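In: Give me coordinates for this.
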Amino acid sequence: MSSRSRTVLASVLGFSLFVAACSTGGTGGSGSPTTSVEPSDGASVEPTALVVGLGYIPSVQFAPFYRADQAGYYAEAGLDVEFQNKIDPDLITLVGQGSIDVGIADGTSVIPAVSQGIPVRYLATIYGKFPSIVFSKASAGIDGAADLAGKKLGIPGRYGSSWIMLQALLASANLTPEDLQIVEYPDFGQGAAVAAGAVDAATGFANNEPVQLELSGTPTSVLTIDDITPLPGPGLIAGTETIDAKGDALRGFVAATLRAMEEISATPSVGLEAAIAAVPELASARDTQAAILDATIASWTGPVQEREGLGALDLDGWESSIDYLGTLDLVPNPVTVEDVVAQGYLPGRD
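Out: Residues are numbered from 1 along each chain as shown. Predicted coordinates for the structure are as follows:
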């Protein structure tokens with residue numbers, strides 16, 4: 001495999017690392033009970049089965065899916081949903097193969113994947129704000145990208161959404177990675193390294209490391225990319241064959257999930273209880289999980305979602321992102337927004 005191919009593949013794997021970093025443990029998953037849907041003529045119709053990949057460790061960040069399942073929203077849409085928590089990090093490939101019907105993937109992973117011929121499309125936005133961030137203790141005095149010059153920064157590796165975000169963030173201050181001392185933490189220990197003072201800053205996720213650092217009593221500074229370079233965050237994806245075969249079911253799934261997101265946005269405790277019901281271990285750190293959920297909810301809404309509602313697609317942002325990833329040699333074959341985004345799956349909007 002060429003070095004360029006390895007770089008592109010690493011980007012595709014990036015979101016699975018986000019799932020690992022934001023999770024707190026647990027096993028298994030849950031699915032809607034198999035029920036029959038009664039159409040208007042009274043005949044019984046079997047629900048449409050959908051296998052949903054949420055990443056390999058259950059977490060409070062998946063509260064909307066747990067809520068929609070437990071409240072019967074998927075069943076009401078005529079769906080029999082099975083959640084799978086995959087150890088295999090290449091969720092995008094599984095969705096493209098049709099082994100999983102719908103999953104969550106970072107937009108910066110979808111673009112390289114489609115460019116390499118993996119037949120997936122992005123249907124709806126979950127994270128309207130890009131969740132990858134740079135964080136530090138407030139005492140480090142890192143209040144903007146320019147303040148990173150000469151600093152020691154921890155990162156899991158030079159791949160994935162964190163690496164893409166970091167390069168864009170640095171470029172906004174006319175810096176490159178060579179202007180920093182970058183320390184790699186393949187075991188994802190960069191958060192602990194910040195807490196211990198081993199590095200000045202680190203890459204992480206808005207709903208994980210800085211939340212936990214603040215909970216420990218340490219004021220935290222966070223640098224985000226949203227106002228610098230629009231990058232599409234994690235959202236719902238499906239394979240093209242699944243889209244052709246189960247388009248109506250996917251629309252029902254998206255609508256039910258967004259319904260749960262809206263409920264949780266209004267009443268976060270609804271999401272927390274759903275997550276604890278699905279992953280009982282989370283109850284042992286209820287306050288921490290509530291704080292992580294609050295940060296997750298805040299990440300669902302960017303400017304486009306504020307105008308158009310949760311799930312809305314930022315098509316201009318996608319176009320800019322394709323162009324930007326091209327400058328990083330992550331788009332080996334040309335793609336357009338229409339190649340990576342499938343419109344028409346948001347209820348009553350596109």
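
In: So what touches stretch 189-205?
Out: 18, 21-22, 131-137, 140, 142, 148, 151-156, 162-163, 165-166, 183, 185, 208-210, 212-213, 216, 218 (CB atoms under 8 Å, 6 or more residues apart in numbering). The way it works is simple: take the backbone N, C-alpha and C, and place the C-beta from them, glycine included.

In: Show the buried residues in those.
Out: By neighbour count, with 16 or more other CB atoms under 10 Å, the contacts of stretch 189-205 hold 18, 21-22, 131-137, 140, 142, 148, 151-156, 162-163, 165-166, 185, 208-210, 212-213 as buried.

In: Take those residues and keep only those in strands.
Out: 132-137, 152-155 (DSSP state E).

In: Which single one of the residues you listed is nearest to residue 324?
Out: Residue 324 has its nearest neighbour among those in residue 132, at 13.9 Å by CB to CB.

In: got a pLDDT number for the closest one?
Out: Residue 132 carries a pLDDT value of 96.

In: How about it: what's its closest non-neighbour residue?
Out: Nearest residue to residue 132 in three dimensions, chain neighbours excluded: residue 165, at 4.1 Å (CB to CB, 6 or more residues apart in numbering).

In: Tell me the helix or strand right after the helix ranked longest in the chain.
Out: Across the chain, the longest stretch assigned as helix under DSSP state H is helix 240-266. Note on helix 240-266: by DSSP states H and E, the next helix or strand toward the C-terminus is helix 268-278.

In: May I have that following helix exported as CSV, CA atoms only?
Out: C-alpha atoms of helix 268-278 as CSV (Å, rounded to 0.1, in the frame of the first residue of the first chain):
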residue,chain,number,x,y,z
PRO,A,268,-31.6,16.4,28.4
SER,A,269,-32.6,14.1,31.3
VAL,A,270,-34.8,12.1,28.8
GLY,A,271,-31.6,11.2,26.9
LEU,A,272,-29.6,10.5,30.0
GLU,A,273,-32.2,8.0,31.2
ALA,A,274,-32.4,6.4,27.8
ALA,A,275,-28.6,5.9,27.7
ILE,A,276,-28.6,4.5,31.2
ALA,A,277,-31.4,2.1,30.3
ALA,A,278,-29.4,0.9,27.3
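
In: hmm, back to that, tell me the one of the ones in strands among the buried ones among the contacts of stretch 189-205 nearest residue 332?
Out: Using CB to CB, these come closest to residue 332 at residue 132, 22.3 Å.

In: just checking, that closest one touches residue 156?
Out: No. Applying CB atoms under 8 Å, one finds residue 132 not in contact with residue 156, separated by 11.0 Å.

In: Quickly list what's touching both of the two.
Out: Contact criterion CB under 8 Å, 6+ apart; residues shared by residue 132 and residue 156: 162, 203.

In: pLDDT score for residue 77?
Out: pLDDT recorded at residue 77 is 98.

In: what's the burial count for the nearest residue to it once chain neighbours are set aside?
Out: Of all residues not flanking residue 77 in the chain, residue 252 sits nearest, at 3.2 Å (CB to CB, 6+ apart). Other residues near residue 252 number 22, with proximity taken as other CB atoms under 10 Å.

In: what's the answer for the one 3 residues further on, then?
Out: Burial measure for residue 255: 20 neighbouring residues, criterion other CB under 10 Å.

In: Understood, closing this out.
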